[in-house]
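In: sharing a model prediction with you, sequence too.
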Amino acid sequence: MKRSRLPSAPAVHQESPHRSFRHRPSNIVIQAFLDHVRATGRPETFEGLFWGKIEKDAEFVKLKPFDIERGLRPRGEMVPCPMCQPNKFLEGSLIWVPSLQVMAVIGHCCASAETRIRAHEEYEKKRVRDEDETFLMAELPLVLRRLAVVKRVRPIAVEARRIHGQLRTKGDPIHRALRNIKQQQGGRLSVSERIHHEPGWEGPRGLRTRDGDVDVREIEFGSMEGMVALIGDYEPVRELDEIERRLIPHAGPATEAAALEYAIELGESGRRSRAVVDLREADRTFGKFVARLNDFRAFFGASNFRRLKEWADHPRNPRRLQVLRSARAGIVTCALWGDGYYFTVDIDPILATELPEWPRENAFSEHEIEGAVLSSAKAS
């Protein structure tokens with residue numbers, strides 16, 4: 001590291017001596033400075049800062065950027081900069097100069113370009129590292145509880161996969177027909193009715209055909225619910241497998257101390273960024289899993305089958321389709337059939353089970369931990 005020359009005459013009269021920092025100032029000191037500037041607008045009155053001359057090519061560590069409201073400044077004046085006297089600033093950075101062992105402030109465009117860019121890159125690296133470590137400290141103790149939730153919802157996903165598979169195979173013609181309605185009409189159910197008029201009739205008309213005496217109107221039944229059931233590649237079990245694949249490598253730290261130790265280990269081995277991606281993706285994928293599962297369940301709900309039946313039973317509907325939904329002793333039976341095909345399925349009550357909450361707080365029981373540990377051990 002290039003050594004800077006010793007400080008010359010101070011840019012600001014310093015009533016108290018500056019403080020010596022052999023190592024990077026702590027976050028407590030940095031935050032105290034930011035709070036002081038935010039409240040007073042006067043970095044000059046923060047004890048311990050260095051106001052002597054700092055060379056433009058002096059190596060420094062960027063601690064925090066800050067800006068000052070001009071209205072807080074005495075007579076609206078700007079802050080003098082120790083690095084580029086007599087220039088002054090309102091936007092700058094708190095810095096640490098290792099060669100001088102001091103903490104100081106400089107304007108945002110001070111220092112040589114090379115030094116400024118290098119300091120900014122180091123600052124950004126540390127900012128990302130700090131954010132990742134804060135995220136890991138909050139998320140790592142939740143991994144075991146989240147694995148326990150995945151274990152609890154897996155039977156629901158297995159039942160959804162079974163039903164979807166039968167709908168695609170046994171009910172393939174109607175599955176394709178409804179999927180086309182989803183893709184071409186946004187899931188809107190309707191039938192067209194041709195209206196023939198008497199000669200000389202006058203009045204409001206619908207969609208006029210080439211025949212001047214015939215109108216066509218659309219009879220609407222509303223939109224289908226649960227259109228996830230109509231996609232071809234719905235794989236809820238695979239979604240849970242993906243979540244487990246992301247979480248299992250990080251299962252273990254169940255306390256703040258253990259999470260800290262593991263976060264340090266991740267950083268030293270260069271795996272910290274990968275762990276952050278894993279935990280964020282697991283969280284995102286579970287949200288997607290819940291949304292799609294709830295939508296899938298809605299397709300087999302009473303309101304959706306009632307709408308499908310009204311649409312199918314209309315005399316103007318060209319599709320020869322029968323729709324039935326019944327519930328008996330807790331078992332829901334759904335059936336769709338027409339020319340050459342017949343789909344019926346008995347839905348296990350487990351499909352309607354309320355989904356557990358995805359853990360967001362670090363508080364869990366030993367029983368939950370034990371179950372998740374056993375589950376992750378088997379999976380690995």
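Out: Ah, there it is.

In: mind checking pLDDT for Gln14?
Out: The predicted local confidence for Gln14 comes out at a pLDDT of 50.

In: let me redo that: Ser375
Out: We have a pLDDT of 45 for Ser375.

In: Val153: which element?
Out: Using DSSP states H and E, Val153 maps to helix 143-169.

In: where do the helices sit along the stretch 201-350 of the chain?
Out: When secondary structure is read from DSSP state H, counting those that start in this stretch, the stretch 201-350 of the chain shows helices at 236-247, 256-268, 272-299, 302-313.

In: out of those helices, which comes closest to Arg19?
Out: Ranking those by distance to Arg19, with Cβ to Cβ as the measure, places helix 256-268 first at 28.7 Å. Where C-beta positions appear, they are placed from N, C-alpha and C, glycine not excepted.

In: quick check, Asp172 in contact with Tyr341.
Out: Yes - using Cβ atoms under 8 Å, Asp172 and Tyr341 qualify as a contacting pair, with a distance of 6.9 Å.

In: show me where this structure has strands.
Out: 61-67, 79-80, 88-89, 91-97, 102-107, 188-196, 207-208, 214-223, 321-328, 331-338, 341-347 (DSSP state E).

In: just the ones you listed: most buried one?
Out: For the strands of the chain, average neighbour numbers computed from mean count of other Cβ atoms under 10 Å are highest in strand 102-107, which has a mean of 24.

In: on that earlier part again, now do the buried residues in the helix holding Val153.
Out: Of all the residues in helix 143-169, those buried under the rule 16 or more other Cβ atoms under 10 Å are 143-151, 153-154, 156-157, 159-161, 163-164, 167-168.

In: quick one, grab the pLDDT at the residue minimising distance to the centre of the chain.
Out: Nearest to the geometric centre of the chain sits Arg284, at 5.5 Å (Cα atoms, centre = their mean). According to the per-residue confidence, Arg284 scores 96 in pLDDT.

In: also Glu239?
Out: Reading off the per-residue confidence, Glu239 sits at a pLDDT of 97.

In: what's the burial count for it?
Out: Each residue near Glu239 was counted by other Cβ atoms under 10 Å, and the total is 18.

In: swap in the one 3 residues further on?
Out: Applying the criterion other Cβ under 10 Å, we find 17 residues in the vicinity of Glu242.

In: that one is in contact with Thr285, isn't it?
Out: Yes - under the criterion of Cβ under 8 Å, Glu242 is in contact with Thr285, at a separation of 5.6 Å.

In: rewinding a little: identify whichever of the strands of the chain lies nearest to His314.
Out: Taking Cβ to Cβ as the criterion, strand 188-196 is the member of those that comes nearest to His314, at 5.1 Å.

In: quick one: that closest one to helix 302-313, angle?
Out: Following axes from the mean of the first three to the mean of the last three Cα atoms, to 10 degrees, one obtains 30 degrees for the angle between strand 188-196 and helix 302-313.

In: can you list the strands that strand 188-196 pairs with?
Out: For strand 188-196, the pairing partners within the sheet under DSSP bridges are strand 214-223 (antiparallel).

In: and the partner strand, average pLDDT?
Out: Across strand 214-223, the per-residue pLDDT values average to 82.

In: mind exporting that strand as CSV, just the C-alpha atoms?
Out: In CSV, the C-alpha atoms belonging to strand 214-223 read as follows (Å, rounded to 0.1, in the frame of the first residue of the first chain):
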residue,chain,number,x,y,z
VAL,A,214,-78.9,-13.0,-39.0
ASP,A,215,-77.0,-11.8,-35.9
VAL,A,216,-74.7,-13.7,-33.6
ARG,A,217,-74.5,-13.0,-29.9
GLU,A,218,-72.1,-14.5,-27.2
ILE,A,219,-73.7,-16.0,-24.1
GLU,A,220,-71.2,-15.6,-21.3
PHE,A,221,-70.7,-18.0,-18.3
GLY,A,222,-67.7,-16.4,-16.7
SER,A,223,-64.1,-17.6,-16.6
